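Asks: Return a 3D structure for these sequence lines:
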Amino acid sequence: MFSLMRSILSKMDSDYGDIRYEIKRETVITFHGRELTQIGSNSTDGYVLRALKRGGLSSMAFTREAEAERALRTVEENSLLIAQHIREPIRLAEAEVIQDTFLPELEEDPRQISMDEKLELTRRYNGLPLGHDGIATTITGYSEVVREKYFLNTEGTEIREDLVTTRLSCSITSKDGNLVQNVRLGLGGSQGFKVLRNQEAEFEKKTSIGLDLLKAEPVEGRMVNVILNPSLAGVFTHEAFGHFSEADLIEDSPTLREKMRMGEKFGNEILNIIDAPTLPGQLGFYKYDDEGIPARPARLLERGVLKGRLHSRRTAAAFGEPLTGHCVAEDYRFAPIIRMGNIFIEPGTDSFDNLLGILGDGLYLLDSMGGETSGENFTFGAQYGYEVKNGQLKKMIRDINISGNLFHTLKNIHAVGNDLVLSKVGGCGKGQLNIRSCNGGPHILVHEVVVGGR
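Replies: All right, here's what the predicted structure looks like:
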């Protein structure tokens, strides 16, 4: 494959060029209730070609070798057009030349597991909630995405890497008369099929929560001190803070660039945030990004102070900051953009029991249920929660959302737990879909959070 890609790039007349070829294989199994509604596998492939010429950067996707010559002409012509209509010529940060093959170590390669076995596992898990009175329906799905990637650039870098992602998710709906509640469960990661086995207890636990929610009381809306569990802490970190750490989202906003200046203090000294796609076995793990740059941990917030951000080669040059290896594409149809890998609040020193004691009276909120951000402001749903009185967990509550301002909330994080949990399934829709976007954290104690019913 590299010889063909090298032949294509050799015909390029640009200051810089790269080409990425990828084979993408997907497997999907879906149950709605007891009915199997989808099952199948497919394989697709294609190329993405990029060219930098006289300060203009352009890209084009194509699927057949015969289209390569036209793609070359198009990206070079478009690069020249872009160069004529931008304020500053585009530059790419200098990068080391790498020649490497990286195939991740997997605990049971899903490509070696039969479709029958995958179907039987999904069917068995799906049936567990449906065996309980009060469960109205389920939506359970298995998905598997394998990306076999080849990258080559005119500087001499040649990289072959596989990304293998497995996921088993379930939405469990409980019902009592007109009251309907929903809880979600997600399993999987980047380390192979084995992580999906022997997970019956997780399905039973979530089913029990769904049934308990039918007896829970709606939350009373108010401003209150809360403990967020790792799931909600991770979603907050990703959505409200992480995107502002992506250089391409703030580079054209003078207001955000001013707010996100290096050295700016955003939180208490207990608060540290890092994005580390280098963590083996985690969902967001990869060795090289889709510009051929080695992934590396990026310390974003240290002792409450902004210390770093996530970059592509273009933005690293524009900001005059180090490369981080965070430029990732959904697949062969897209040029890469800046994305988070494994972003999380680093654990502190307090146990969960200590956090409850510090909280005294307030709420303990668990598990993300969607949400949205608008500039500095956010609104997230929680699947369920508990009232806390005198440091003790009390009655369950439901129909919860939390809202606030990013910068105000960061300063109101007053204690950080000593546990750390990263998400098993991910997803980020910034421009493209990134199913390996991973977040998490420890339990955190936050003051003055606006809580209301969904």
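Asks: Give the closest residue to residue 373 in space, chain neighbours not counted.
Replies: If the residues on either side of it in the chain are set aside, residue 373 comes closest to residue 239, at 5.1 Å by CB to CB, 6 or more residues apart in numbering. Any C-beta I mention is one placed from the backbone N, CA and C, and that applies to glycine too.
Asks: Make sure the one you found is actually in contact with residue 377.
Replies: No: the pair residue 239 and residue 377 fails to qualify as a contact (CB atoms under 8 Å) at a distance of 10.9 Å.
Asks: Tell me which of these two has more neighbours.
Replies: Neighbours around residue 239 and residue 377, counted as other CB atoms under 10 Å, are more numerous at residue 239. The numbers are 20 against 14.
Asks: give me every residue that touches the more buried one.
Replies: Neighbouring residues of residue 239 by CB atoms under 8 Å, 6 or more residues apart in numbering: 371, 373, 378, 380.
Asks: Over to the closest residue to residue 54 other than its chain neighbours: give its phi and psi.
Replies: If the residues on either side of it in the chain are set aside, residue 54 comes closest to residue 83, at 4.6 Å by CB to CB, 6+ apart. Main-chain dihedrals, residue 83, degrees, to the nearest 10: phi -60, psi -30.
Asks: does residue 424 sit in a helix, a strand or a coil?
Replies: When the structure is reduced to helix, strand and coil (DSSP: H, G, I helix; E, B strand; the rest coil), residue 424 reads as coil.
Asks: which parts of stretch 292-304 are buried?
Replies: Within stretch 292-304, the residues that qualify as buried are 292, 293, 294, 295, 296, 297, 298, 300, 301, 304, counting by 16 or more other CB atoms under 10 Å.
Asks: okay, among those residues, which ones form the most distant pair?
Replies: Looking at those by CB to CB, the two members farthest from one another are 292 and 304, with 34.0 Å of separation.
Asks: can you give me the offset of the host helix or strand of residue 396 from its chain's centre?
Replies: Taking DSSP states H and E as the criterion, residue 396 maps to strand 392-398. Between the mean C-alpha location of strand 392-398 and the chain-wide mean there is a distance of 30 Å, by CA atoms, centre = their mean, to the nearest Å.
Asks: who does that strand pair up with?
Replies: strand 217-218 (parallel), strand 377-389 (antiparallel) (DSSP bridges).
Asks: Relative to residue 277, which of these is closest?
Replies: Taking CB to CB, strand 377-389 is the member of those nearest to residue 277, at 23.7 Å.
Asks: Need the mean per-residue confidence for the closest one.
Replies: pLDDT averaged over strand 377-389 equals 95, rounded to a whole number.
Asks: Quick check: buried residues in it?
Replies: Per 16+ other CB under 10 Å, strand 377-389 contains these buried residues: 378, 379, 380, 381, 382, 383, 384, 385, 386, 387, 388.
Asks: Verify the stated contact: the last one with residue 362.
Replies: Yes: here residue 388 reaches residue 362: they are 5.1 Å apart, a contact under CB under 8 Å.
Asks: quick one, helices of the protein?
Replies: Counting by DSSP state H, one finds helices in the chain at the ranges 2-10, 68-84, 115-130, 200-212, 230-236, 247-250, 254-259, 313-319, 352-359, 406-411.
Asks: ranking these by burial, who's on top?
Replies: Of all these, helix 230-236 has the most neighbours on average by mean count of other CB atoms under 10 Å, namely a mean of 26.
Asks: Touching it from outside, list them.
Replies: For helix 230-236, the external contacting residues (CB under 8 Å, 6+ apart) are 228, 343-345, 365-368, 371, 378, 380, 382, 402, 409, 419-423, 439-444.
Asks: No further queries at this time; thank you.
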